[in-house]
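S.K.: Okay, predicted coordinates and the sequence, questions at the end:
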Amino acid sequence: RGHDAKRQVPADGIGAEEPRNLAGWWLAYVAFGFSYWVLTMDLSRARPRAVRVPLLIVMTVAAAAISWFSQSGLSGILLLVMAGVLPWLLSTRAAVAWAVVQNLSLLPVFVGLRDLTGEPLYGWFDAILQSFLYLGFSSFTFVTSMVARGQAEAREEQRRLNSELRATRALLAESSRIAERVRIARELHDLVGHHLTALTLNLEVASHLVEGNAKDKVRQAQSVAKLLLSDVREVVSQLRDEAEIDLGSALRSLIEGVPAPKIVMDLPDDFRVEDARRAHVLLRCTQEILTNTIRHARADTLWLRFAREADGALTLRSRDDGVGADAVAAGNGLAGMRERLKEFG
């Protein structure tokens, strides 16, 4: 027993004569801490699966190694920390399965724990109970984190919907303003313009029926009527020329309040559209691009470039730095975009 006494460890699990265990303990701590830092430094941005899964494996193995090297139950506490980030990194099913498996992985660790005399601290039955105890604690942390993630996603969705509402409201306001200007221009042209034209013709006839000072007065009245008719036509032309929707303002409202991804929008200096329907289509397509990027791309930046071509066509080009997809499964959003664009050829 003299040899065994030299290998006894104090209550903290690491003896001064076991530098190998101490080095392994610290190495496992560093691996766990580094992986945790990389995964949680920006939880709002989902990293590719090829990054998330290996780092989660490293954290799980490192937690088990810490318990093994320290001959303690520290891994259960570390897995409790992991349970708090799993809902942010994996789908709900995958996160639940991972939480269960990582706690069951503690079974061989608990069975391998030894006391100061070298006797096992836990049998298999006790190890199973201990593992399920930690699983219960992890479940509470897991559910709390899942609720927090759901609330965060709900807030982001609300911000996006508010942005869409502001953009739609701006477009409707522009459409209403233009419709009113067109109505006023039409009324001026059809009513005032018609009566001024009739007045000018009557004054022309009257100028041939009178003589002297009366004829001069009629000529003056005729000149004023012609000038007034010219002014009315100019006002009508201006009202119709300015009856364009300020689409740039609506598009800026659409991207306001969207925290991620970063949106870089390239717009012409004065981006106005004559046809309200074309403006509506372009706004809805932009909205669908933004929605798909947020939900599926896992991108840091979205670039949107709007332009007016020489033939009058409006173009929108978008790209992002997300993960992409091997195959596109067109949903209702993409189908709606195609239908809207098809109406305009």
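M.R.: All right, it came through fine.

S.K.: Contacts only, for residue 264.
M.R.: Residues in contact with residue 264, defined by C-beta atoms under 8 Å, 6 or more residues apart in numbering, are 301, 302, 303, 304. (Glycine included, C-beta is placed from N, CA and C.)

S.K.: nearest residue to the residue nearest to the spatial centre of the chain other than its sequence neighbours?
M.R.: By C-alpha atoms, centre = their mean, the chain has its centre lying nearest to residue 294, at 3.5 Å. Leaving aside its chain neighbours, residue 294 sits nearest to residue 160 (6.6 Å; criterion: C-beta to C-beta, 6 or more residues apart in numbering).

S.K.: Quick one: mean pLDDT for the helix or strand hosting the one you found?
M.R.: Applying DSSP states H and E as the criterion places residue 160 in helix 124-187. If you average the pLDDT over helix 124-187, you get 77.

S.K.: helices and strands around that helix, which ones?
M.R.: Helix 124-187 is packed against helix 74-89, helix 92-104, helix 106-112, helix 213-241, strand 245-246, helix 247-255, helix 276-292, with contacts defined by 3 or more C-beta pairs under 8 Å, 6 or more residues apart in numbering; DSSP states H and E.

S.K.: Which of the contacts of residue 264 fall within strands?
M.R.: 301, 302, 303, 304 (DSSP state E).

S.K.: low-confidence ranges in the protein?
M.R.: For the chain, applying pLDDT under 70 flags the ranges 1-20, 44-48, 113-118, 171, 174-175, 181, 238-244, 257.

S.K.: Tabulate the helices and strands packed on helix 124-187 (TSV), appending distance to residue 61.
M.R.: Shown next, in TSV, are these (distance: least, C-beta to C-beta, whole Å):
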stretch	distance to residue 61
helix 74-89	10
helix 92-104	10
helix 106-112	11
helix 213-241	71
strand 245-246	58
helix 247-255	43
helix 276-292	36
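
S.K.: residues in contact with the spatially closest residue to residue 146 that is not a sequence neighbour?
M.R.: Of all residues not flanking residue 146 in the chain, residue 87 sits nearest, at 4.1 Å (C-beta to C-beta, 6+ apart). With contact taken as C-beta under 8 Å, 6+ apart, residue 87 is in contact with 95, 142, 145, 146, 149.

S.K.: In those residues, find the pair that's most separated.
M.R.: 142 and 149 (10.6 Å; C-beta to C-beta).

S.K.: higher neighbour count, those two?
M.R.: residue 142 (23 against 18; other C-beta atoms under 10 Å).

S.K.: My understanding was that that one contacts residue 82; is that so?
M.R.: No - the pair residue 142 / residue 82 is not scored as a contact, 9.3 Å apart, by C-beta atoms under 8 Å.

S.K.: List the residues that are in contact with both of the two.
M.R.: With contacts defined as C-beta under 8 Å, 6+ apart, the residues shared by residue 142 and residue 82 are residue 99.

S.K.: still on that earlier bit, relative to residue 169, which of the helices and strands packed on helix 124-187 is closest?
M.R.: Using C-beta to C-beta, the helices and strands packed on helix 124-187 put helix 247-255 closest to residue 169, at 7.9 Å.

S.K.: Direction included, what does the following helix or strand past that closest one pair up with?
M.R.: Using DSSP H and E, the helix or strand that follows helix 247-255 in sequence is strand 262-266. Paired neighbours of strand 262-266 in the sheet (DSSP bridges): strand 301-308 (parallel).

S.K.: rewinding a little: may I ask which of the ones in strands among the contacts of residue 264 has the most neighbours?
M.R.: residue 302 leads these on contacts (other C-beta under 10 Å) with 24 neighbours.

S.K.: Who does that residue form a beta bridge with?
M.R.: Going by DSSP bridges, residue 302 forms beta bridges with residue 263, residue 320.

S.K.: hmm, back to that, now the angle between helix 74-89 and the helix holding residue 160, please.
M.R.: 20 degrees (axes from the mean of the first three to the mean of the last three C-alpha atoms, to 10 degrees).

S.K.: for helix 124-187, the distance to its chain's centre please.
M.R.: Relative to its chain's centre, helix 124-187 lies at 10 Å (C-alpha atoms, centre = their mean, to the nearest Å).

S.K.: Run the angle between that helix and helix 92-104 for me.
M.R.: Using the same axes, to 10 degrees: helix 124-187 against helix 92-104 is 160 degrees.

S.K.: Next, the contact list for residue 306, please.
M.R.: Residues near residue 306 by C-beta under 8 Å, 6+ apart: 251, 265, 266, 267, 268, 271, 282, 314, 315, 316.
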